[in-house]
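Participant: Okay, structure incoming, though there's no sequence with it:
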Ligand code: BG6
């Protein structure tokens, strides 16, 4: 096993000032793929423009020989990606400087020589002892062989590695993958990425809960009736049939993004925001989660999915999942957490809603509509960047009668702070990985525990129920949450 990459000072204490990473050679595996095009290349350029890249860096794109590019072709590819998906235009001196740092090094497990040569050349170009960061933006099936190659070639030594989700497909495969990864990297070198944890508002759950005194006393089973974590999407599978058929919404979204958000919503206050205490507290939530109960799971598939290119005509892959999860600890026993995500739904949202219990004394005549929706007391956190937080409560309507109406106090990031330093999820996390801060990355024990509680569903998935594109998923999802309703800001 190679020695652990030494954490920088900033890794030990989550930073208050904006830190700039040490000099780096960054290798992006899967450099010609979808993720690199949509997120990684535009994100790296945005970091460069924002002055957050190291003083000296080189970025090496890599892929197996058949899809290898020349340096020039890779630069053109990156420019196209930034133009199409980036927040900054690929022009001017900033682009020129970034472009010069781009190179390509093909790598096959049995012929890693071009990549090794490219890394050596990049290190020479930078001089001194730059850090190495590998980003494995490859299909899950390829993680093992790339990790093996990094070990065999010695490139892994002292480096850091970002591994994409989903990490395994069940407990056994996640354990096997962790074993492979740990045969080459120490856990302190491993950054399992979940880009939802890089979103501003997810991090702000920590600030909201633990930097303020007024919420924590009511953030528990005495006051909370139920919690919803809801991430509907309007997009379909966008030509990703090969990935999606094997993955499905539960593995793609729930066991990853939504469970991680749940960890932040439900955790006890950590002793500090350092990686260890933060991840320890999240782990305790995962440990307290009960194995999924099939009576509380709905799997759906949008009509037309089976007609998409690359999808089996009798596919049972779910494009929608809704479930009720129990966190069996002192804070949350008896408080259901309802999770929902799906493709081709009526709206795109990323919302956590904490619903508070009604006061015991109902001295006010409320109207039937308010009673039915139960919307009086809610804290709503929209974590789609830039996001917002709203407190919903009941207030007296003006006039002689004591009539209650729904009221809302809302904080919008977009209106409230200077957003000059705002980073997209991936950008934030790549920066954190360069700084060596693992706080917002998932840990091997956490991933394994989440697969463990998912086993009843993975081993015995109920048949998918069809739903119409543009709808809110199968009817059963509404029954699952009854007598409550799925809450979305504009009323669905
Ligand atoms: C990805 C999933 O991890 O997250 C996609 O693979 C999904 O299926 C995406 O669409 C959603 O992320 P965001 O940042 O667009 O909300």
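Facilitator: Nice, I can see it. Note that the structure is predicted; figures quoted are calculated from it, not measured.

Participant: When you work out contacts or count neighbours from here on, use the C-alpha atoms and nothing else.
Facilitator: Noted.

Participant: what about the helices in the stretch 151-300 of the chain?
Facilitator: Listed from the start of the chain, the stretch 151-300 of the chain has helices (DSSP state H, counting those that start in this stretch) covering 171-184, 200-210, 241-249, 259-266, 275-288.

Participant: which residues touch residue 355?
Facilitator: With contact set as C-alpha atoms under 8 Å, 6 or more residues apart in numbering, residue 355 has these partners: 224, 225, 226, 227, 375, 377, 378, 379.

Participant: so it sits in a strand?
Facilitator: Yes - the assignment for residue 355, made by DSSP: H, G, I helix; E, B strand; the rest coil, places it in a strand.

Participant: What separation do you get for it and residue 217?
Facilitator: Using C-alpha to C-alpha, to the nearest Å, residue 355 is found at 15 Å from residue 217.

Participant: same check, this time on residue 211
Facilitator: Taking C-alpha to C-alpha, one finds residue 211 at 13 Å from residue 217.

Participant: which regions of the stretch 151-300 of the chain sit below the pLDDT cut-off?
Facilitator: For the stretch 151-300 of the chain, no stretch has pLDDT under 70.

Participant: Count the neighbours of residue 25 for me.
Facilitator: Number of residues near residue 25 (other C-alpha atoms under 10 Å) recorded here: 27.

Participant: List the contacts of it.
Facilitator: 57, 58, 59, 60, 119, 122, 123, 130, 131, 132, 133.

Participant: Is it correct that it falls within a helix?
Facilitator: No - under the criterion used here (three-state DSSP), residue 25 is strand, not part of a helix.

Participant: so what's it bridging to?
Facilitator: Beta-bridge pairing of residue 25 under DSSP bridges involves residue 58, residue 132.

Participant: which one of the contacts of residue 25 sits closest to residue 82?
Facilitator: Distances from residue 82 to the contacts of residue 25, taken as C-alpha to C-alpha, are shortest for residue 59 (14.7 Å).

Participant: who are the neighbours in contact with the closest one?
Facilitator: Residue 59 neighbours (C-alpha under 8 Å, 6+ apart): 25, 26, 27, 28, 101, 102, 103.

Participant: what's the neighbour count on the fifth one?
Facilitator: What that stands for is residue 101. Residues contacting residue 101 under the criterion other C-alpha under 10 Å number 18.

Participant: got the contact list for it?
Facilitator: So residue 101 contacts 57, 58, 59 (C-alpha under 8 Å, 6+ apart).

Participant: On the pLDDT front, check residue 46 for me.
Facilitator: pLDDT recorded at residue 46 is 96.

Participant: Centre of this protein to the edge, which residue is at the far end?
Facilitator: residue 400 (49.4 Å; C-alpha atoms, centre = their mean).

Participant: measure that residue to residue 349 for me?
Facilitator: Look at residue 400 and residue 349: by C-alpha to C-alpha, they are 39 Å apart.

Participant: same deal with residue 178?
Facilitator: Distance, residue 178 to residue 349, by C-alpha to C-alpha: 32 Å.

Participant: Settle it for me: which of the two has more neighbours?
Facilitator: Using other C-alpha under 10 Å, the more surrounded residue of residue 178 and residue 349 is residue 178, with 21 against 17.

Participant: Quick check: closest non-adjacent residue to the more buried one.
Facilitator: residue 444 (6.6 Å; C-alpha to C-alpha, 6 or more residues apart in numbering).

Participant: what about that neighbour, how many residues close to it?
Facilitator: 20.

Participant: looking at it, it is touching residue 180, isn't it?
Facilitator: No - with contact defined as C-alpha atoms under 8 Å, residue 444 does not reach residue 180; the gap is 11.8 Å.

Participant: just the strands in the stretch 301-450 of the chain please.
Facilitator: 320-326, 336-342, 351-356, 378-382, 388-396, 404-412 (DSSP state E, counting those that start in this stretch).

Participant: The third one pairs with which strands?
Facilitator: Looking back up the chat, that one is strand 351-356. strand 224-232 (antiparallel), strand 378-382 (antiparallel).

Participant: average pLDDT across it?
Facilitator: Mean pLDDT, strand 351-356: 95.
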